[in-house]
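A.B. asks: please find the sequence and the predicted model below.
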Amino acid sequence: MIWQTNTLLHIRDINEAYYFFVFCATICSYNFHWYLTPADYSTSERILWGARHKTLQLTLCALGALGAAYGFCLLKEHWLPLTGAAVLTFLYSAPKLPHRAFIWLRKIAVGKTLFLTAVWIYVTTLLPVFIEKQPYSSTILFLTLHRFFLVYAICILFDYRDLESDKKEGIRSLITYLSQPGLRKLYISSLVLATVFAMALSPVNGWVVTVILLAPVAITALLTRYTLRNRSDHFYYFVLDGMVMLSALLHFIIAALS
């Protein structure tokens, strides 16, 4: 996704240290989040597997943190926007910390889904722009909004699957707060807005890129009914989660073949 951002926004001086930083930070934050996730309220085989391998998760978290710290040092002149990414990432997992200072975060109605979506888009779309000091353009705005609403729609489906376990953990999100009709409207609106902003990029990037950007939106919409009935970890983490990076992958393949 970072590569696609650099390509669509014509960022020529691509900072390789940033790729390293994001990779290590992702390993750290992912394992930190699932290390804190209890298996008591879930039937997911993946979460149950994680509960049996806490030491591995903690080790990967520590290794990722060391790598991210090194990457941060390489990019220290951009410490402010990088710190913003770290804060957003921490806020996503913070409600799972068994400490009074963080338990109140479980009561924030919109926190979980918005924090995850925000950090995903901030890291893959906005931070490359900030690091390379790319001037503002409508293309940046439209790409950011397209990705935000696509990822948000996908997060809604994940949160809907985890609805009962989140309630038992006492973690509230917009998903646990809204009624079924309200949740359906939010989900459909997110997909529609993702489509609108992808189309808005068409005059600049052409119809091929527009089709590439619309592919995950269309597939996610077509899979909605099946997704709501399915609880398979393989489906959610390979197929549905894969929609987040699908357009970037297609874009990379087409560029390589051109």
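C.D. replies: The structure has been received and is ready for your questions. Residues are numbered from 1 along each chain as shown.
A.B. asks: so what's the residue count around Ala68?
C.D. replies: As a burial measure, Ala68 scores 23 neighbours (other Cβ atoms under 10 Å). C-beta coordinates here come from the backbone N, C-alpha and C atoms, glycine included.
A.B. asks: what element comes up after the helix or strand encompassing it heading to the C-terminus?
C.D. replies: Here Ala68 sits within helix 54-74, counting by DSSP states H and E. Following helix 54-74 in sequence order, the next helix or strand is helix 79-93 (DSSP H and E).
A.B. asks: buried stuff in that following helix?
C.D. replies: Leu82, Gly84, Ala85, Ala86, Leu88, Thr89, Phe90, Leu91, Tyr92, Ser93 (16 or more other Cβ atoms under 10 Å).
A.B. asks: give the residue spans of the stretch 101-250 of the chain that score low on pLDDT.
C.D. replies: Within the stretch 101-250 of the chain, the stretches with pLDDT under 70 are 101-112, 163-176.
A.B. asks: so where do the helices sit in it?
C.D. replies: 111-121, 127-131, 138-161, 163-169, 174-177, 180-200, 202-229, 233-234, 243-257 (DSSP state H, counting those that start in this stretch).
A.B. asks: figure out which of the ones you listed is closest to Leu58.
C.D. replies: helix 163-169 (20.2 Å; Cβ to Cβ).
A.B. asks: what helix or strand is the closest residue to Gly71 other than its chain neighbours located in?
C.D. replies: By the measure of Cβ to Cβ, 6 or more residues apart in numbering, the closest residue to Gly71 outside its immediate chain neighbours is Phe21, 2.9 Å from it. Counting by DSSP H and E, the element that carries Phe21 is helix 16-36.
A.B. asks: tell me how far that helix lies from the chain's centre.
C.D. replies: Relative to the chain's own centre, helix 16-36 is displaced by 12 Å; criterion: Cα atoms, centre = their mean, to the nearest Å.
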